[in-house]
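> Just need the structure, nothing else, for what follows:
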Amino acid sequence: MNPDVHKLLRLKRYERPSSDYFERFLDEFHERQRADLLQQSVFVLMRERLAGLFANFYVPRPVYAGVAVAAVILSAAILVTQQGGDGLAPSTLALNTPNPVVNVMPPVQRVVHLPEASRSEFPPHYVLESRPVSYESPYSF
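So this is what the prediction gives:
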């Protein structure tokens, strides 16, 4: 080791902090901890608290299997009740309909005739947006 370091360590050996040093140290330490907490966002704090609540939460594998079976039974019950309870599949119901109803929209006319009063001698004009198109974000953070 460097002789200067030895000399400095010998001098520091005899230094003793004042009696209120430890109390001030504890208060300063708590203030620094609070300041660090205030700098974090609310979402980070909430995530840490939720992670702390569920840290010891354990769900055994058979519970997952039971939930999956219950979901299958519930979905089957919903499907049966929506079909009127007779258990017929939607494809067989469609085959039993005597005359299916087909809605056909009328053909769209492509030529539009404007009345004489709405025509103008001026050439057509186009309205442009007040702001030009840009790929940059309109918000600045």
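> okay, CA-based contacts and neighbour counts for the rest of this
Will do.
> residues touching R61, list them.
By C-alpha atoms under 8 Å, 6 or more residues apart in numbering, no residues touch R61.
> where are the low-confidence patches of this structure?
Applying pLDDT under 70 to the chain flags residues 1, 84-101, 105, 108-135, 137-141.
> now the strands for this protein?
Ranges of strands in the chain, per DSSP state E: none exist.
> longest helix anywhere in it?
The single longest helix within the chain, with elements called by DSSP state H, is helix 61-82.
> and it, C-alpha only, in PDB?
C-alpha atoms of helix 61-82 as PDB (Å, rounded to 0.1, in the frame of the first residue of the first chain):
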ATOM      1  CA  ARG A  61     -52.000 -26.900 -11.000                       C
ATOM      2  CA  PRO A  62     -55.200 -28.800 -10.300                       C
ATOM      3  CA  VAL A  63     -57.000 -25.400  -9.700                       C
ATOM      4  CA  TYR A  64     -56.100 -24.400 -13.300                       C
ATOM      5  CA  ALA A  65     -57.400 -27.600 -14.600                       C
ATOM      6  CA  GLY A  66     -60.700 -27.100 -12.700                       C
ATOM      7  CA  VAL A  67     -61.100 -23.600 -14.000                       C
ATOM      8  CA  ALA A  68     -60.600 -24.900 -17.600                       C
ATOM      9  CA  VAL A  69     -63.200 -27.600 -17.200                       C
ATOM     10  CA  ALA A  70     -65.700 -25.100 -15.700                       C
ATOM     11  CA  ALA A  71     -65.100 -22.800 -18.600                       C
ATOM     12  CA  VAL A  72     -65.800 -25.600 -21.100                       C
ATOM     13  CA  ILE A  73     -69.000 -26.600 -19.300                       C
ATOM     14  CA  LEU A  74     -70.200 -23.000 -19.100                       C
ATOM     15  CA  SER A  75     -69.600 -22.300 -22.700                       C
ATOM     16  CA  ALA A  76     -71.400 -25.500 -23.700                       C
ATOM     17  CA  ALA A  77     -74.300 -24.500 -21.600                       C
ATOM     18  CA  ILE A  78     -74.500 -21.100 -23.200                       C
ATOM     19  CA  LEU A  79     -74.400 -22.600 -26.700                       C
ATOM     20  CA  VAL A  80     -77.200 -25.000 -25.900                       C
ATOM     21  CA  THR A  81     -79.500 -22.300 -24.400                       C
ATOM     22  CA  GLN A  82     -78.900 -20.000 -27.300                       C
END
